[in-house]
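**Student:** the following comprises the amino acid sequence and a computationally predicted model.
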Amino acid sequence: MTKQRGLLVILSGPSGVGKGTVRAAVFKQEDCEYVYSVSATTRSARPGEIDGKDYFFVKREEFESLIANQALLEYAEYVGNYYGTPLDNIEKNLAEGYDVFLEIEVQGASKVRQRMPEGIFIFLAPPSLNELETRLVDRGTDSKEKIAQRMKQAKHEIEMMAEYDYVVVNDQVDNAVRKINAIIECEHLRVSRVIDKIQIGMDQYLNNKGE
Ligand code: 5GP
């Protein structure tokens, strides 16, 4: 029987809300069969980050040639750096039935919504703005000025929640992962996604019976 087309799952939300941590926890699950779409970025690697696994770390000129060659599904300039989703492999993985998982900021998610409205858009929200600021400070990777910039951006980003299909409050990573799994499981059960398969099965049954 033909495999159902994979889902394009877009996990977005303000920077510092824990998208990276939640995504890592999703992919740590033993039975995880999602394919992660590794983004390209012009920012430098943080300690422990691996090129080709966490991001493709590229120079500005390389990124600009990806844009010029239309090799990106979307891209955004965020706090002074480019971030973008390489197009290659996305269509192939979806056609092969793999769920493809993007973790991107909100401007990029809006662009994906325009190009691939059939995607499943999940907004990861902080329990509160105070909590978000604490997480950015605790992460210790950004200067005071960068944090102030990210917080200003976060207020605007939270207002964009209305464009999404689902909201998951990241109170605890385990809870967020459980909810994301549930969303994806339910989306696979939509009548529009399974009706063809069930109808083919019925036709085969009736043919075999000679009816
Ligand atoms: P960070 O520098 O903290 O890794 O990422 C900054 C922001 O860029 C985060 O909100 C992250 O989700 C987002 N981001 C990562 N990859 C992409 C991408 O390919 N496209 C867009 N639009 N945003 C991305």
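**Tutor:** Ah, there it is.

**Student:** which of the helices or strands spans whichever residue of the chain sits closest to the ligand?
**Tutor:** Using C-beta to the nearest ligand atom, the closest approach of the chain to the ligand is made by residue 108 at 2.2 Å. All C-beta atoms are positioned from the backbone trio N, CA, C, and that covers glycine. Per DSSP states H and E, residue 108 falls inside helix 106-115.

**Student:** buried ones in that helix?
**Tutor:** Of the residues in helix 106-115, 106-113 count as buried by neighbour count, 16 or more other C-beta atoms under 10 Å.

**Student:** spell out the secondary structure type for the closest residue to residue 73 other than its chain neighbours.
**Tutor:** Of all residues not flanking residue 73 in the chain, residue 85 sits nearest, at 4.3 Å (C-beta to C-beta, 6 or more residues apart in numbering). The three-state assignment at residue 85 reads strand, by DSSP: H, G, I helix; E, B strand; the rest coil.

**Student:** okay, now the domains of this structure?
**Tutor:** 1-34+99-210, 38-97 (the TED database).

**Student:** can you list the residues of the chain near the ligand?
**Tutor:** Residues of the chain lying near the ligand by C-beta under 6 Å from any ligand atom: 15, 19, 39, 43, 74, 76, 78, 83-85, 103-105, 107-108.

**Student:** please redo it, this time with the cut-off set to 5 Å
**Tutor:** Listed as neighbours of the ligand in the chain under the rule C-beta under 5 Å from any ligand atom: 15, 19, 39, 76, 78, 83-85, 104-105, 108.

**Student:** any idea which of those is closest to residue 98?
**Tutor:** Checking the residues of the chain next to the ligand against residue 98 with C-beta to C-beta, the nearest one is residue 85 at 15.5 Å.

**Student:** quick one on the thing from earlier: between the domains of the chain, which gets the lowest average pLDDT?
**Tutor:** For the domains of the chain, mean pLDDT drops lowest on domain 1-34+99-210, to a mean of 91.

**Student:** how far does it sit from its chain's centre?
**Tutor:** Averaging C-alpha positions (C-alpha atoms, centre = their mean, to the nearest Å) puts domain 1-34+99-210 5 Å from its chain's average.

**Student:** kindly report the same for stretch 70-86.
**Tutor:** 14 Å.

**Student:** CA atoms of it as CSV?
**Tutor:** Output in CSV follows, covering the C-alpha atoms of stretch 70-86 (Å, rounded to 0.1, in the frame of the first residue of the first chain):
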residue,chain,number,x,y,z
GLN,A,70,16.8,30.1,-5.3
ALA,A,71,18.1,27.3,-3.2
LEU,A,72,16.2,28.3,-0.1
LEU,A,73,12.6,27.6,0.8
GLU,A,74,12.8,30.8,3.0
TYR,A,75,15.3,33.0,4.7
ALA,A,76,15.4,35.8,7.1
GLU,A,77,17.9,38.3,8.5
TYR,A,78,17.7,38.0,12.2
VAL,A,79,19.7,40.1,14.7
GLY,A,80,22.4,40.8,12.1
ASN,A,81,22.7,37.4,10.6
TYR,A,82,21.1,35.4,7.8
TYR,A,83,19.2,32.1,8.5
GLY,A,84,17.6,30.0,5.8
THR,A,85,16.1,26.6,5.0
PRO,A,86,17.8,24.7,2.1
